[in-house]
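> pasting the sequence and the predicted coordinates here, then a few questions.
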Amino acid sequence: MAEKLEVKQGTLALMILKTLEGLGPLHGYGIARRIEETSKHRLTLNYGTLYPALLKLEQEGFVTAEWRQSENNRRAKFYALTAAGRKQLARETREWHQTADLIAAFLAPRREGP
Amino acid sequence: MRHVRAALARIAGLFAGPRADDDLRDELRAHLEMEIAENIRRGMHPDEARRQALLASGGLTQAAEAVRDQRGLPWVENVAADFRYALRALRRSPAFTTVVVITLALGIGANTAIFSVVRGVLLKPLPHRDGDRLLYLRQSTDGPGGANISFSVPEIRDLRNGVPSLPGIAEYSPWTLVLQGREGAVRINVGLVTGNYFEVMGLSPVLGRVTRPSDDGPGVPPVAVLTHEYWTKHFGGDSSIVGKQLTLDKKSVTVIGVLQPAPFFPDRVDALLNMVNSDHHLSATMVEGRTHRMTEVVARLAPGATVDQARTEVDAVYARMLREHREAYDPASHHRVAVIPFKEVMGERARLTLWLLMGAAAFVLIIAAANVANLTLMRGVRREHELVVRAALGAGVARLRRLLLAENLVLTLAGAVVGVLIAIGGVRLLISFAARYSPRANEIRLDAAVLAFALALSVALALLLSFAASLPKEGTFAGGISAGVRRLSGSLRKQRLQRALVVVQVAVSVVLLAGAGLLTRTMLRLSDVNTGLRTEELLTIQVPLLTPAELLFNPAADAGAKERYERMRREVAALPGVIEAGVGSPMPLRSTDVRFDVKAEGKAPAVGEALPHAELRTADPHFFRAAGIPLLKGRPFATTDGPTSGKVVIINETLAGELFPNEDPLGKRIAWTGDVLRFTPISGDWRTVVGVAATTRDGGLDAEPRPVVFMPFAQMLALGGGLVIRAESSAARLAPAATRIVRRIAPTAPVENVMTIAQFKDQSVAPRRLNATLVSSFGILAVVIAAVGIAGVLAFSVSARTNEIGIRMSLGADSGRVQRMILGEGGVLLAVGLVVGVAGAFFATRAIRGLLFGVEPHDPITLIGVALMMAAIGVGACWIPALRAARIDPAITMRAQ
């Protein structure tokens, strides 16, 4: 079984935003499940990590929250992406790719000059 | 934008009520239930499903706590909680809280009040525009009265032409004029200034205009600019004053403006006038006489120039002056010039005294802080059990430290609030005190900077107190609890700190007391100074009948004035209860600036030795008997020493010693001499010495006695005369009757300083008395706090050793022995404190040498007296806890275990 990872600071917000973009409004449980599935269960999210992150996104105006009936008739708090959240997602995605490329280039085995 | 929004949301989150918590609980529970449902769906047993879900959640309470931290600002909430807790804890020990707050309030109050004076008088920027570029020039010579001889117009002209770094050099000549008002005549102090004065000083009018260069020279209308203080005090801030006429020295002068509030140096003035107001200031005497020095010089530094640069340039010009005008600079007097920032010169007289008081106040604060530290330590020990429990419930050392800090902040801030209230009362008193030393006393205020100082003090104290207390180390708690101990104190270490603090208190108290003792002795010595005359029952009235202009330019007025003085004298002498009345100038014990060189016939001074520079005083035949100045040799003046008879003088003992050492001066001849005589109506004729008078302390009680030549009132111009009246008893009660006579005979003359010599002497001792009183009250305060400190520490030690004492007593120690044991414990601390304190005083008192008179800084009587006093009070303070220890009943103590 793959090694379990703690989610890295700063990347969780991006994962949440991406999840909401793909699936539309979703409750905390759904978000957690989705992130764990996408990571092929290498990531675990406990409540103490997930909910402060959601609140922070709400405070920053990237998501809104609202109580609604869920698909199996439970009351749950649903989070939805705002326009500002969409922009933030685009920006963070771009930055993340750039960083990843950079790190990859750095870590690639380098050929020594002749 | 995003951060602002988040910050606002979090601040709003501070006020989120219980609904937000309910909402969160519902959300977390919904999550959990969905997870359980999913687990069941996957085939788990419901119990197992719940267990797994809870395991995955990572703890609901922890999650709620994390969300709560994200919702608001956790540190704000924690701090608020800490303060709530601190207040609750302090309410539970009201006695401790009261003692600490009062102690701190006294310390902080004293420091705040003194600091407000230091700031107002020494530190605050001057109100003048770019006041830090303003310079004061001072010319001085050796000998009495030589500290500041001011400048002559030709000297200033040389400086103007030769110092490029001082493009603006302004003249300011102090002068007095008689203002004729509705309530009679008064003399006012004015400054005669050049037109560039206000530009150089950087002062602007609040009403009308100030003078400008076009107001210089002869033939312009005389104008006056009132100072803000005089305008508010004497014209009630009348805004229609501009354009009105004042009658000054019987001439009409137009008020053109009112100046912004500003301090003046060297003396307070009422108005600033252009030079045309004084004929003398435009005369050749003034403009051409190099030794005719009566003008102060202020200058403004050129942009980019430095004070050092100005100093170098001024020194160069001055050296050239000394070379080119040898006749004006007697080499034996060591003429020199100093360039001083104006702000510094203003604080000159106040500086030493103020730093002394600031130091004394700081010492009081040190003692107070030491006391509070001790009280806190003791309380800390009593609370150790509580702290242990708190630690066991999860409070870390950092958290405990924060609690302690919150508590100490509450204490010190409360102390600061009460202290500032004390300071508000004290500052009023201090302003009148500071006015004796500084022209800037009215700038003293409890302003924002002073309040910030008090706040900074209290926060610093709180930090100090919180970190002085040693907290148990992390991890020692558990052991303590399992062992069931109620106290953890690493008691030896803690007690050592407490003892050290007591030693510091005693030592610092001794230093303060030593200072207070020296200043008190200075004051007593000063009151005991033999003034040279009989001060009891002597009334003086100053009545300048002639203005300086009349004296100099109207010889005819002189005879009339003398006749009126004699009429006043005769009528006053005839009043019942008057033994004798005389006329002379100036009044006894008052100094005069009228000083010239004196030479004796047939004697040349040794090379490099200056001629005596003697005060010129006048006296009529009745003066010496009325003033009670003993004639040591010869005779007083007689009515036969008239204007046309042989010229005679009486010299004082000091001058006799300088001119005629080991010789009888009677019958010898002396004469005024020196270049400056040509600018005066005083002749350099030979005059025969007919008497030698006892030396009186005219330059101030603490000053060196000065040489004096008395001239017969009839043989000299009637300059600023007055009456000296010797009464049989209660001289002060003669004042109204005598003043009535004077006013009737001289209705337009100002009548000044109607007071007894005893009152005047008292006035001149007053600043020293205030010094002594202030430092003494600080000293007493310190001793009281220190005594409480010693008693407190011993009492604590007794209560901590109750068991031990009980055991000792049950083993046969009697109560006397126990008492001696506790007294011994306190005595050691006291003795060490005394030794350290006396050693400290030995060094510290050297700093105040300049404020002492007639007593050495390490005066053994004072030091021994102070040490004995501290020892007595200290032993007294030890006695109370020692008695308590002796009364311990071993039976009760043992049973309590």
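Okay, I see it.

> where's the residue nearest in space to the middle of chain A, which helix or strand?
If you average the C-alpha coordinates of chain A and look for the closest C-alpha using CA atoms, centre = their mean, you land on A:Met15, 1.2 Å from that point. Under the criterion of DSSP states H and E, A:Met15 resides in helix A:11-23.

> other SSEs contacting that helix?
Taking 3 or more CB pairs under 8 Å, 6 or more residues apart in numbering or on different chains; DSSP states H and E as the contact definition, the neighbouring helices and strands of helix A:11-23 are helix A:28-38, helix A:47-60, strand A:63-69, strand A:75-81, helix A:83-107. In short, each C-beta sits where N, CA and C put it, glycine included.

> near chain B at all, the fourth one?
Yes: on the criterion CB under 8 Å from any CB of the partner chain, strand A:75-81 is in touch with chain B at A:75-77.

> can I get the residues you listed in TSV with neighbour count and pLDDT?
Below are those laid out as TSV (neighbours: other CB atoms under 10 Å in any protein chain shown; pLDDT from 0 to 100):
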residue	neighbour count	pLDDT
A:Arg75	12	86
A:Ala76	22	89
A:Lys77	21	91
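
> just curious, which of those is nearest to B:Ile785?
Distance to B:Ile785 across the residues of strand A:75-81 next to chain B (CB to CB) is lowest for A:Lys77, with 61.2 Å.

> is the closest one bridged to anything, and to what?
When assigned by DSSP bridges, A:Lys77 has beta-bridge partners A:Trp67.

> and it, what does it touch?
With contacts defined as CB atoms under 8 Å, 6 or more residues apart in numbering or on different chains, A:Lys77 is in contact with A:27-28, A:65-68, B:23, B:26-27, B:30.

> quick check, nearest of the residues you listed to B:Leu781?
B:Asp23 (58.0 Å).

> number of nearby residues for B:Asp528?
Counted with other CB atoms under 10 Å in any protein chain shown, residues neighbouring B:Asp528 total 9.

> run a quick neighbour tally on B:Pro144.
By other CB under 10 Å, the residues close to B:Pro144 number 16.

> am I right that it falls within a strand?
No: checked against DSSP: H, G, I helix; E, B strand; the rest coil, B:Pro144 lies outside a strand; its state is coil.

> nearest residue to the residue in chain A positioned nearest to chain B in space, please, no chain neighbours.
Nearest residue of chain A to chain B: A:Asn46, at 2.7 Å (CB to the nearest CB). Taking CB to CB, 6 or more residues apart in numbering or on different chains as the measure, A:Asn46 lies nearest to B:Gly58, with 2.7 Å between them; neighbours along the chain are not counted.

> what sits against the one you found?
The contact partners of B:Gly58, by CB under 8 Å, 6+ apart, come to A:46-49.

> neighbours of the spatially closest residue to B:Ile873 that is not a sequence neighbour, how many?
Taking CB to CB, 6+ apart, and ignoring the residues beside it in sequence, B:Ile873 has B:Ala787 as its nearest neighbour in space, at 5.4 Å. Using other CB under 10 Å, the number of residues around B:Ala787 comes to 21.

> about what we covered before: nearest to B:Thr739, out of the helices and strands packed on helix A:11-23?
Comparing the helices and strands packed on helix A:11-23 by CB to CB, helix A:47-60 comes nearest, at 82.9 Å.

> which bits of chain A sit near chain B?
Residues of chain A found near chain B (CB under 8 Å from any CB) are A:27-29, A:32-33, A:44, A:46-49, A:51-52, A:55-56, A:58-61, A:70, A:72, A:74-77, A:84, A:88.

> where does chain B get nearest to chain A, residue-wise?
Checking chain B residue by residue against chain A with CB to the nearest CB singles out B:Gly58 as nearest, at 2.7 Å.

> picking up where we left off before, which residues are in contact with the residue of chain A closest to chain B?
Counting by CB under 8 Å, 6+ apart, A:Asn46 makes contact with B:56-59, B:63.

> what about residue 10, neighbour count?
Chain wasn't specified; assuming chain A. For A:Gly10, the count of nearby residues is 10 (other CB under 10 Å).

> hm, I was asking about chain B
When neighbours are defined as other CB under 10 Å, B:Arg10 has 20 of them.

> what residues are up against it?
The contact partners of B:Arg10, taken as CB under 8 Å, 6+ apart, are A:59, B:70-73.

> again, but for B:Pro857
Under the criterion of CB under 8 Å, 6+ apart, the contact list for B:Pro857 reads B:518, B:845-846, B:848-849.

> please name the spatially closest residue to the residue nearest to the centre of chain A (chain neighbours excluded).
Leaving aside its chain neighbours, A:Met15 sits nearest to A:Ile35 (5.2 Å; criterion: CB to CB, 6+ apart).

> isn't that neighbour up against A:Leu20?
No: A:Ile35 sits out of contact with A:Leu20 when judged by CB atoms under 8 Å, with a separation of 11.0 Å.

> who has more neighbours, those two?
More neighbours surround A:Leu20 than the other of A:Ile35 and A:Leu20, with 25 against 19 (other CB under 10 Å).

> so the more buried one touches A:Gly28, yeah?
No: because the distance of 11.4 Å does not satisfy CB under 8 Å, A:Leu20 is recorded as not touching A:Gly28.

> spit out the residues that contact the two alike.
Jointly contacting A:Leu20 and A:Gly28 under the rule CB under 8 Å, 6+ apart are A:Tyr79.

> what residues are up against the nearest residue to B:Glu35 once chain neighbours are set aside?
Nearest non-adjacent residue to B:Glu35, counting by CB to CB, 6+ apart: B:Ala53, 4.1 Å away. Applying CB under 8 Å, 6+ apart to B:Ala53 gives the contacts B:32, B:35-36, B:39.

> any idea which element B:Ala53 lies in?
helix B:46-57.

> after that helix, which helix or strand is next?
helix B:60-71.

> that following helix: how far from the chain's middle?
Its chain's C-alpha centre lies 58 Å from the corresponding centre of helix B:60-71 when counted by CA atoms, centre = their mean, to the nearest Å.

> for the residue nearest to A:Asn46, what are phi and psi?
Backbone geometry at B:Gly58, expressed as degrees, to the nearest 10, gives phi 80, psi 20.

> on the pLDDT front, check it for me.
According to the per-residue confidence, B:Gly58 scores 81 in pLDDT.

> next one: it from A:Leu50, what distance?
Using CB to CB, to the nearest Å, B:Gly58 is found at 9 Å from A:Leu50.

> repeat for B:Val389
From B:Val389 over to A:Leu50 (counting by CB to CB), the distance is 35 Å.

> same question, B:Phe96
Going from B:Phe96 to A:Leu50 by CB to CB gives 48 Å.

> so for these two, which sits in the more crowded spot?
With other CB under 10 Å as the criterion, B:Phe96 and A:Leu50 differ in neighbour count, and A:Leu50 comes out ahead with 25 against 18.

> assess the claim that that one and A:His27 are in contact.
No: the criterion here is CB under 8 Å, and A:Leu50 misses it with A:His27 at 10.9 Å.

> what is the rounded mean pLDDT of stretch B:743-757?
Mean pLDDT, stretch B:743-757: 88.

> contacts for that stretch, please.
By CB under 8 Å, 6+ apart, stretch B:743-757 touches B:178, B:180, B:184-187, B:531, B:533, B:535, B:537-545, B:564, B:567-568, B:571, B:587-589, B:722, B:731-732, B:735, B:738-739, B:742, B:760.

> pull out the buried residues from these.
With neighbours counted by 16 or more other CB atoms under 10 Å in any protein chain shown, these contain buried members at B:178, B:180, B:185, B:187, B:531, B:533, B:535, B:537-545, B:564, B:568, B:571, B:587-589, B:722, B:731, B:735, B:738-739, B:742, B:760.

> quick one: low-confidence ranges for the chain?
Picking chain A for this. Judged by pLDDT under 70, chain A has its weakly predicted residues at A:1-6, A:9, A:110-114.

> not what I meant, chain B
Counting by pLDDT under 70, chain B contains low-confidence residues at B:1, B:381-385, B:387, B:390-397, B:468-495, B:552, B:607-608, B:894-897.

> near chain A, which residues of it?
Applying CB under 8 Å from any CB, one finds that chain B approaches chain A through B:2, B:5-6, B:9-10, B:13, B:23-24, B:26-28, B:30-31, B:33-35, B:37-38, B:56-60, B:62-63, B:65-67, B:69-71.
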